[in-house]
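>>> could you look at this predicted model? Sequence included:
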Amino acid sequence: MATKHRPEHHSELQVESPMDYAQHEATYNGFITLVKWTVLALAVTTIILYFVIKP
């Protein structure tokens, strides 16, 4: 014979802490700055290698 199960009571939903947008934007801006400098360094390295290793 099947028994009826009562629905279990769930605890209240926990609201996550709000995202720290200032820190997020600072990290993103740091990442973008790093990418810009890396691209610039690779371009300069490529140009230098072009003139140093001539065919």
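Sure, I can see it.
>>> put the alpha carbons of stretch 37-45 into PDB.
In PDB, the C-alpha atoms belonging to stretch 37-45 read as follows (Å, rounded to 0.1, in the frame of the first residue of the first chain):
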ATOM      1  CA  TRP A  37      50.300  46.000 -23.900                       C
ATOM      2  CA  THR A  38      50.700  42.400 -25.000                       C
ATOM      3  CA  VAL A  39      49.500  43.100 -28.500                       C
ATOM      4  CA  LEU A  40      51.800  46.200 -28.700                       C
ATOM      5  CA  ALA A  41      54.800  44.100 -27.400                       C
ATOM      6  CA  LEU A  42      54.200  41.400 -30.000                       C
ATOM      7  CA  ALA A  43      53.900  44.000 -32.800                       C
ATOM      8  CA  VAL A  44      57.200  45.600 -31.800                       C
ATOM      9  CA  THR A  45      58.900  42.200 -31.500                       C
END
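>>> which residues in the chain form helices?
For the chain, the helices defined by DSSP state H occupy 21-52.
>>> so where is this protein shaky, pLDDT-wise?
1-7, 10, 13-17, 55 (pLDDT under 70).
>>> look at residue 26 and say how many residues are nearby.
Using other C-beta atoms under 10 Å, the number of residues around residue 26 comes to 11. C-betas here are computed from N, CA, C, even on glycine.
>>> next one: it from residue 33, what distance?
To residue 33, residue 26 is 11 Å away according to C-beta to C-beta, to the nearest Å.
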